[in-house]
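> Sequence plus predicted model, see below.
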Amino acid sequence: MVRSRESIEAEYVERTPASRAQWERGRRVMPGGVIKGAYWFPPHPLYMDRADGCYMWDLDGNRYVDFANHHSATILGHNHPAVVEAIEGELGRGIALGAPTTLEAEIAEEIVSRIPAVDKVRYANSATESALHTARMVRAITGKPKVAKFEGAYHGSHDALEYSTSPSTSEAGPSDAPVPVPAQRGMIPGSEESVVILPYNQPETVEMILREHKGEIAAVYYDGKPGMMDVPVDFTKFVRKITEELGLLMVMDETVSFMAGPGGYQREAGVEPDLSFFGKILGGGLPGGAIGGKAEVMDLLDNSEGSKGVFQSGTFSGNSLTLAAGLATLRALTPEVYAHVDGLRERTHAGLEGASRRAGLPFHVLSAGSMINAFPTDGPVRDHRSYDAIDVELFERVLLGLTVKGSYMGRGHMSIVLSEPMGTEDVDGLVDAFEDVLTAED
Ligand SMILES: Cc1ncc(COP(=O)(O)O)c(C=O)c1O
């Protein structure tokens, strides 16, 4: 049995007095004591001092294996020499030039060479921003007012798509006729009218809803691995097939997918969407996001011969530090690196399953590429509704227990993210800690 919340929290608080003090200080000048919402977790966040390779040290000097990897934005770990060298080289040329440099074509060529469905690329500052631009693009191209997205998928924090990301069952409507539920208060009233919600893993229902609304849907937004849920490749292929059949654009959310393989999830699944957007590791640890797609779609943004009505830009979009770090990251991601991380993933996946079996507490382990999640349920976790049924309190307790044992990880869906500097001893340590947490008693 897992220890009680009180007992784990007491140990956590005792180990981290400097973080506690920093949190108290921060509360006076930042809502919740943190600079962004995702940093908060109870009883107080960990404030970090430094990081190197796959390790981080908090203000109290405690060392953690970093299984969060900056919200899955890094796969090379901290301070990879090639990335550091690229950033330092760029710093020597100036921090913010505000004019194009040779880096632009270099990184665009690198991305185009990896992804068959991408002929041209534009940069933004995040996946959120990139998704926003695509939402305007698909409406402008088709002249249709709505977009469709899947329940449980998150495509960034904005009013165009932040619907039904994790709706409560009481609000979400029937599973075969889901309704758009705003993810936040304060979203533009009526913007839900522009969104059609689809269920994962129900092809007949998806087809029925899309046929009914096809005259008003500009594009279907799709993430093939939302929060590591069990979505088979065949479902992804189906989404591409039905969108083609009905003449709808397909926009693929590849924000985390380079974590899984060199051509994003689309190349693994063998589908070619009309448009994609990216983020996370494409910035090499610095803020970045990108939009990519077939030339005929991307050329909507070509303002070299006069405006086509959709202007994509942004003060820091495509800044040279981000491009340099992203390019160095992509180039460092050799097949050997992916193979190493994939081997660690298999080992960790099997280890977590074994630990949960031995502890007699069912955890359903899902993994792909460099990411793993272990849900406290018998499984399967095939959509947001099955995810919603898990024991969140137990999940959070286990996460805090692992933190106390020196494994730092994100909260929520993607809890375990592996990186290149990790070795078998690091992931075996996580598996041992997991078993300890599941079996320890007060
Ligand atoms: C699948 C997916 N899409 C979009 C986003 C938004 O990315 P960003 O935070 O860079 O705006 C995220 C972030 O976690 C994500 O996981």
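Good, I have the coordinates.

> mind giving me the domain ranges of this structure?
Following automatic domain parsing, one finds the domains of the chain at 5-75+334-439, 81-332.

> These: which one's closest to the ligand?
The ligand lies closest, by Cβ to the nearest ligand atom, to one member of those: domain 81-332, at 3.1 Å. The C-beta positions use only the backbone N, C-alpha and C, and glycine is treated the same way.

> right, quick check: the closest one against the ligand, any contact?
Yes - using Cβ under 6 Å from any ligand atom, domain 81-332 reaches the ligand at 126, 127, 128, 154, 155, 156, 223, 253, 255, 256, 279, 289.

> any idea where the strands of the stretch 1-150 of the chain begin and end?
48-52, 55-58, 63-66, 120-124, 146-150 (DSSP state E, counting those that start in this stretch).

> Sorry, slip of the keys, the one I care about is the stretch 301-442 of the chain.
Going by DSSP E, counting those that start in this stretch, the stretch 301-442 of the chain shows strands at 364-368, 371-375, 407-408, 416-417.

> coming back round to it: name the nearest of the residues of domain 81-332 next to the ligand relative to residue 336.
Of all the residues of domain 81-332 next to the ligand, residue 336 sits closest to residue 256, with 21.1 Å by Cβ to Cβ.

> Tell me where the chain is predicted with low confidence.
Judged by pLDDT under 70, the chain has its weakly predicted residues at 412-414.

> At the geometric centre of it, which residue sits there?
residue 256 (4.5 Å; Cα atoms, centre = their mean).

> With the flanking residues excluded, which residue is spatially nearest to it?
Setting aside the residues directly before and after it, residue 256 is nearest to residue 72 in space (Cβ to Cβ, 6 or more residues apart in numbering), at 5.3 Å.

> same check, this time on residue 310
Excluding the flanking residues, the one nearest residue 310 by Cβ to Cβ, 6+ apart is residue 140, at 4.9 Å.

> Just give the number of residues close to that neighbour.
Using other Cβ atoms under 10 Å, residue 140 has 14 neighbouring residues.

> gap between it and residue 252?
Going from residue 140 to residue 252 by Cβ to Cβ, to the nearest Å gives 19 Å.

> for residue 155, same thing?
10 Å.

> Touching both of these two, which residues are there?
Listed contacts common to residue 155 and residue 252 are 223, 277; contacts here mean Cβ atoms under 8 Å, 6 or more residues apart in numbering.

> Between those two, tell me which one has more neighbours.
residue 252 (31 against 28).

> what helix or strand is that one on?
For residue 252, the host element (DSSP states H and E) is strand 249-253.

> what does that strand contact?
117, 127, 131, 134, 138, 141-142, 147, 153, 155, 218-224, 239-240, 243-244, 264-266, 271, 273-277, 297.

> From these, keep the buried residues only.
117, 127, 131, 134, 138, 141-142, 147, 153, 155, 218-224, 239-240, 243, 264-266, 271, 273-277, 297 (16 or more other Cβ atoms under 10 Å).

> The residue nearest to the centre of the chain touches residue 370, doesn't it?
No - assessed by Cβ atoms under 8 Å, residue 256 is found out of contact with residue 370, at 9.4 Å.

> Now do the same contact list for residue 390.
Residue 390 makes contact with 375, 376, 377, 381 under the criterion Cβ under 8 Å, 6+ apart.

> wait, what's in contact with the last one?
For residue 381, the contact set (Cβ under 8 Å, 6+ apart) comprises 228, 229, 230, 364, 366, 375, 387, 390.

> Tell me the one of those nearest residue 187?
Using Cβ to Cβ, the contacts of residue 381 come closest to residue 187 at residue 387, 22.3 Å.

> Please identify the helix or strand for the nearest residue to residue 213 once chain neighbours are set aside.
Excluding its sequence neighbours, the residue lying closest to residue 213 (Cβ to Cβ, 6+ apart) is residue 196, at 5.2 Å. For residue 196, the host element (DSSP H and E) is strand 195-198.

> Could you export stretch 104-120 as PDB, CA atoms only?
Extracted C-alpha coordinates of stretch 104-120, given in PDB (Å, rounded to 0.1, in the frame of the first residue of the first chain):
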ATOM      1  CA  GLU A 104      16.400  30.200 -41.200                       C
ATOM      2  CA  ALA A 105      16.900  28.200 -44.400                       C
ATOM      3  CA  GLU A 106      19.100  25.700 -42.600                       C
ATOM      4  CA  ILE A 107      16.600  24.700 -40.000                       C
ATOM      5  CA  ALA A 108      13.700  24.800 -42.500                       C
ATOM      6  CA  GLU A 109      15.700  22.400 -44.800                       C
ATOM      7  CA  GLU A 110      16.400  20.200 -41.800                       C
ATOM      8  CA  ILE A 111      12.700  19.900 -41.000                       C
ATOM      9  CA  VAL A 112      11.600  19.500 -44.600                       C
ATOM     10  CA  SER A 113      14.100  16.700 -45.200                       C
ATOM     11  CA  ARG A 114      12.600  14.800 -42.300                       C
ATOM     12  CA  ILE A 115       8.900  15.100 -43.000                       C
ATOM     13  CA  PRO A 116       7.400  14.100 -46.300                       C
ATOM     14  CA  ALA A 117       4.300  16.200 -45.800                       C
ATOM     15  CA  VAL A 118       6.200  19.400 -45.100                       C
ATOM     16  CA  ASP A 119       7.500  21.400 -48.000                       C
ATOM     17  CA  LYS A 120       7.700  24.800 -46.300                       C
END
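
> Going by neighbour count, which residues of that stretch are buried?
Neighbour-count burial for stretch 104-120 flags 104, 107, 108, 110, 111, 112, 114, 115, 117, 118, 119, 120 (criterion: 16+ other Cβ under 10 Å).

> For the residues you listed, which two are the farthest from each other?
Using Cβ to Cβ, the pair of those lying farthest apart is 104 and 117, separated by 20.3 Å.

> Buried by neighbour count, from the contacts of residue 381: which ones?
By 16+ other Cβ under 10 Å, those give 228, 229, 230, 364, 366, 375, 387, 390 as buried.

> For the longest helix anywhere in the chain, name the packing helices and strands.
The longest helix of the chain (DSSP state H) is helix 335-359. Helix 335-359 sits against strand 364-368, strand 371-375, helix 424-439, with contacts defined as 3 or more Cβ pairs under 8 Å, 6 or more residues apart in numbering; DSSP states H and E.

> circling back to that earlier point, closest one of the contacts of residue 390 to residue 403?
Out of these, the member with the shortest distance to residue 403 (by Cβ to Cβ) is residue 376, at 16.5 Å.
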